[in-house]
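Peer 1: Prediction below, plus the sequence it came from.
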Amino acid sequence: MKIWNKLSLLMIATLLVHSVSGQDSLNITKLSQWKIESVLTYNEVWGIAQDGREYAVIGTLKGTYFIDVTDPSTPVMVDYVPGKDESCFCIHRDYHDYNGYLYMVTDEEPGSLQIVDLSSLPDSVSLVYDSDALFTRSHNIFIDSTSALMYSAGGSPNSGIGVYSLINPTNPVLLNDFATPAGIHDIYVRNDTVYAHGGQSGMFVYNFANVGSPQLIGTYSNYVNASVFNHSGWLNKQGNVYVFADETTNQDIKVIDVTDLTDIQPLDNVNTGGDSNAIAHNPIIKGDFAYVSYYLDGLWIYDISNPTNTTVAGYYDLYVGAGDTVTGGGAWGVYPFLPSGNILISDMNSGLFVFDATNAITGIESIKQEKLKMNIAPNPFTDQVKITFEEQVKVSTIKIIDIAGRIVSTSEKGYFGQSIEYAVDDLKAGQYFIHITTDKGNFVGNITKAVQSHE
């Protein structure tokens, strides 16, 4: 397991010293935040691109909001669709779009399948189907657009996998109500292969080429702590690497080789090393990067281009300094597929966030980034370093992290001034990263402990 402690070895190795935003973040910039003051709880997020405009979809206990994020700095609410019954305490909602329609479900009752016509955007949306005839609850839906099939995981009346034809997009037809060995929590589908996450029973992979008679291809349930809660995952474009999360505190993201589905093999594990109560909730892969929403730890982006050596490309901790996210909550869902490249995040307490992750993905610092404001000398050092700022700052935390991602030195003593002398004589020779939290932002740099004659 690699614990990154909120430093990216991929990115930091290319940096000297620079200032980042006031949040606990790396290579990700917040563009905007949207919420309704009277709404206290949010859940899933989805994205829509249509007619050159971009929209965010975010769920709440009572229903679903549609927000125009074409100008990411100024989100504008377009419409709201109430759930089947707004008295429902609907903690879980899920979304997937297909052929100009958005399909919406909830995992609480009274619930239903709702279908929204998106053709009137940017002015409004229209609810064209709202029925509990097929099911009242579903924890997760996934639409395979190549076959016009919608898969439903968990819920009622069947906790397994339901398959529905969308040949007529506004009139879904049940094809199979498939019972599985364990209740299915979440699914990912590509063509006729279904990756089904079964909570404490692990992951099952099925071939649905014959929808009426699915065949079990493989399982993955023998990994460390497999009995926690296998929650959700995503497949890379090449179809050989799968990333999944266990919805349990302080559990690793798992990276596995699915080249041979009859013999799934582990490749790597990774953990933020942040809040010990944090939970990796929903991972999504785009290109060579896995985007993961964490309860309490916010958005993390991992580079999986070398899946046996996962590295951190960037992160943004919503739980710290994201306005009104002070207690509980954290990131529920992530959506990275908008044409602009902007990232959507739903925070359970603070609503919708729009992020720019260009620096994380390209490895190039933004030209808008503030000029250098910190200097460290000597570097290489022997027993201490002098950290100098261009103006007075209040330092709350200093962390030294080795190249394996372990915190090897921490100080919460508190400093105020323009320069700090920080003793590091107990470190072994080698490269380290320093992370300094101040009232003027977070500062990150790389430092080198020199080899001494007696070593």
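Peer 2: Perfect, thanks for sending it.
Peer 1: give the contact list for residue 448.
Peer 2: 379, 380, 381, 430, 431, 432 (CB atoms under 8 Å, 6 or more residues apart in numbering). In this view, the C-beta of every residue, glycine as well, is placed from N, C-alpha and C.
Peer 1: And the pLDDT for the second one?
Peer 2: Going back to what we said before, that points to residue 380. Looking at residue 380, its pLDDT is 88.
Peer 1: next one: the fifth one
Peer 2: Residue-level confidence at residue 431 comes out at 78, pLDDT.
Peer 1: Can you tell me the strand partners of the helix or strand residue 216 falls within and which way each runs?
Peer 2: When secondary structure is defined by DSSP states H and E, residue 216 falls within strand 215-220. Looking at strand 215-220 with DSSP bridges, its partner strands are strand 203-207 (antiparallel).
Peer 1: Please dump the contacts of residue 448 into TSV; it should also carry secondary structure, distance to residue 92 and neighbour count for every row.
Peer 2: Listed next are the contacts of residue 448 as TSV, based on DSSP: H, G, I helix; E, B strand; the rest coil; distance: CB to CB, whole Å; neighbours: other CB atoms under 10 Å:
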residue	secondary structure	distance to residue 92	neighbour count
379	coil	50	17
380	coil	52	12
381	strand	51	19
430	strand	46	12
431	strand	44	13
432	strand	42	21
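Peer 1: returning to what we had before: just the buried residues of the strand holding residue 216, please?
Peer 2: 217, 218, 219, 220 (16 or more other CB atoms under 10 Å).
Peer 1: Contact partners for the first one?
Peer 2: Residues counted as contacts of residue 217 (CB under 8 Å, 6+ apart) are 193, 205, 206, 207, 261, 262.
Peer 1: and it, how far is that from residue 259?
Peer 2: Computed as CB to CB, to the nearest Å, the residue 217 to residue 259 distance reads 13 Å.
Peer 1: and what of the second one?
Peer 2: The spacing between residue 218 and residue 259, counted by CB to CB, is 11 Å.
Peer 1: Also the last one?
Peer 2: Distance check for residue 220 against residue 259: by CB to CB, it reads 13 Å.
Peer 1: circling back: give the PyMOL command for selecting the buried subset of the contacts of residue 217.
Peer 2: What follows is the PyMOL syntax for the buried subset of these, where burial is set by 16+ other CB under 10 Å:
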select buried, resi 193+205+206+207+261
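Peer 1: Report the secondary structure state of residue 359.
Peer 2: helix (DSSP: H, G, I helix; E, B strand; the rest coil).
Peer 1: Is it correct that it is in contact with residue 25?
Peer 2: No: contact between residue 359 and residue 25 fails when scored by CB atoms under 8 Å: they sit 10.3 Å apart.
Peer 1: shared neighbours of the two, anything?
Peer 2: residue 314.
Peer 1: Per-residue pLDDT of the residue lying closest to residue 50 once chain neighbours are set aside, please?
Peer 2: Excluding the flanking residues, the one nearest residue 50 by CB to CB, 6 or more residues apart in numbering is residue 121, at 5.7 Å. Residue 121 is assigned a predicted lDDT (pLDDT) of 98.
Peer 1: Residue 121 contacts residue 48, correct?
Peer 2: Yes: between residue 121 and residue 48 a contact is recorded at 7.5 Å, counting by CB under 8 Å.
Peer 1: And the strand holding residue 216, how far out from the chain middle?
Peer 2: Relative to the chain's own centre, strand 215-220 is displaced by 26 Å; criterion: CA atoms, centre = their mean, to the nearest Å.
Peer 1: pLDDT of it, averaged?
Peer 2: Strand 215-220 shows an average pLDDT of 96 in the prediction.
Peer 1: can you check stretch 60-74 too?
Peer 2: Average pLDDT, stretch 60-74: 96.
Peer 1: Only the buried residues of that stretch, if you could.
Peer 2: Neighbour-count burial for stretch 60-74 flags 60, 61, 62, 63, 64, 65, 66, 67, 68, 69, 70, 72 (criterion: 16+ other CB under 10 Å).
Peer 1: Quick one: the strands in the stretch 51-200 of the chain, in order.
Peer 2: 53-60, 63-68, 76-82, 93-98, 101-106, 113-117, 126-131, 140-144, 149-153, 161-165, 173-178, 186-190, 193-197 (DSSP state E, counting those that start in this stretch).
Peer 1: tell me the average confidence for the fourth one?
Peer 2: Computed over strand 93-98, the mean pLDDT rounds to 98.
Peer 1: In it, which residues are buried?
Peer 2: Residues 93, 94, 95, 96, 97, 98 are the ones in strand 93-98 that count as buried (16+ other CB under 10 Å).
Peer 1: again, but for the third one
Peer 2: Buried positions in strand 76-82, judged by neighbour count with 16+ other CB under 10 Å: 78, 79, 81.
Peer 1: Run through the stretch 251-400 of the chain and note the low-pLDDT ranges.
Peer 2: 319-329, 363-373 (pLDDT under 70).
Peer 1: Strands of that one, start to end?
Peer 2: 253-257, 265-271, 279-286, 289-295, 298-303, 311-316, 331-335, 343-347, 351-356, 374-377, 384-402.
Peer 1: The second one pairs with which strands?
Peer 2: The pairing partners recorded for strand 265-271 under DSSP bridges are strand 2-3 (parallel), strand 253-257 (antiparallel).
Peer 1: Appreciated, that's everything.
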